[in-house]
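Got a predicted structure plus its sequence, pasted below:
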Amino acid sequence: MGFPGTWMTESESMVYRVVPKCACSTIGQIMYYSDHGAFFDGDIHDASKGVHKWAQDHSQGPISANVKAHTSFAFTCVRNPYTRILSSFFDKICGIQRNGRRYRNNLVPMLVQKYGVEVGGADGSDDFDQIKSFRRFLLFVRDTIRFRKPMDPDIHWSAMSGHISTFIVNGGRYDRIFWTERFNDGMQSVLDAVETPHPVDLSAIPRFNESEGHGPKRAHPVEDYFDDLSMHLMYEIYHRDFRLFRYDFETPGNKMPVGEIDLDEVHAKLGE
């Protein structure tokens with residue numbers, strides 16, 4: 001299986017396991033800048049050179065050798081499951097993607113038809129009941145993850161622990177897992193642990209939120225989207241994410257972590 005979703009700087013200063021919707025665009029651009037002294041011109045997910053990615057055949061050998069030998073500092077980044085799934089809904093379901101089309105072509109029409117989800121019209125600009133539509137989307141998410149119907153789960157809403165575990169199961173080990181909610185502290189701790197060809201001043205780095213503006217703005221506080229049933233579904237889908245990465249399941253409005261991540265526990269639980 002190898003190391004899907006894994007990126008590495010060409011200088012092999014650091015290895016990163018991508019977790020969708022968790023600052024991956026910004027982290028990828030920081031990695032690119034640390035090697036080249038300039039940002040990639042465009043969405044870093046489209047870069048086919050300048051950074052090693054497992055999806056590129058020529059990168060698999062170097063990544064595999066590095067990770068198995070634990071030659072470089074390896075890290076990843078996580079996000080509160082409540083805000084992550086909301087971000088996936090507004091970006092991927094309600095938004096028009098950068099190619100000018102809906103995400104995964106027939107996905108949204110299927111959600112409209114089978115689950116009664118509204119997305120704000122053809123371009124996402126019409127008013128609609130965001131709370132009702134999100135809760136119906138969440139039922140769909142549960143169905144994809146629990147029953148793999150009507151489709152396999154998408155990387156943007158499959159559990160973070162699932163993404164992170166593939167790296168461990170196949171022989172990798174993380175040196176750091178940090179939170180998007182404390183991004184500067186976490187990313188700085190990575191940069192402090194490595195030597196890069198070009199110095200990175202984190203305070204001068206812009207945030208590369210490639211999904212910004214794709215969909216309608218969230219109209220309500222986070223907690224308004226999650227009633228008792230929604231929270232039950234969230235726990236069913238993401239209970240490992242809440243526990244391992246120390247997020248507050250009981251309080252959807254509290255996006256901040258409530259404890260420290262135990263790397264040994266993460267490796268033990270996700271390496272099984």
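Cool, the structure landed. Numbers count the residues shown, from 1 in each chain.

Every contact and neighbour count from this point should use C-alpha atoms.
Fine.

quick one, domains of this protein?
Per the record, the chain has its domains at 6-80+158-204, 81-155+216-238, by automatic domain parsing.

Report the distance from the longest one to the chain centre.
In this case it means domain 6-80+158-204. Domain 6-80+158-204 sits 12 Å away from the centroid of its parent chain (C-alpha atoms, centre = their mean, to the nearest Å).

Stretch 113-132 now?
Computed by C-alpha atoms, centre = their mean, the chain-centroid distance of stretch 113-132 equals 23 Å.

Contacts for it next, please.
Defining contact as C-alpha atoms under 8 Å, 6 or more residues apart in numbering, one finds that stretch 113-132 is touched by 93-96, 111-112, 133-134, 136-137, 140, 215-216, 218-219, 224-225.

mind redoing it with 6 Å?
Here stretch 113-132 makes contact (C-alpha atoms under 6 Å, 6 or more residues apart in numbering) with 94-95, 111, 133, 225.

Same question for stretch 23-37.
For stretch 23-37, contacts defined as C-alpha under 6 Å, 6+ apart pick out 39, 196-198, 207-208.

Stretch 149-158 too?
Taking C-alpha under 6 Å, 6+ apart as the rule, stretch 149-158 contacts 20, 143-145.

re the thing from before, can you redo the domains of the chain as JSON lines with mean neighbour count, distance to Glu250 and mean pLDDT?
Converted to JSON lines, the domains of the chain look like this (neighbours: other C-alpha atoms under 10 Å; distance: least, C-alpha to C-alpha, whole Å; pLDDT from 0 to 100):
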{"stretch": "domain 6-80+158-204", "mean neighbour count": "19", "distance to Glu250": "12", "mean pLDDT": "97"}
{"stretch": "domain 81-155+216-238", "mean neighbour count": "17", "distance to Glu250": "8", "mean pLDDT": "93"}
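
Let's have the ones you listed in a markdown table, adding distance to Leu270.
Putting those into a markdown table (distance: least, C-alpha to C-alpha, whole Å) gives the following:
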| stretch | distance to Leu270 |
| --- | --- |
| domain 6-80+158-204 | 5 |
| domain 81-155+216-238 | 14 |
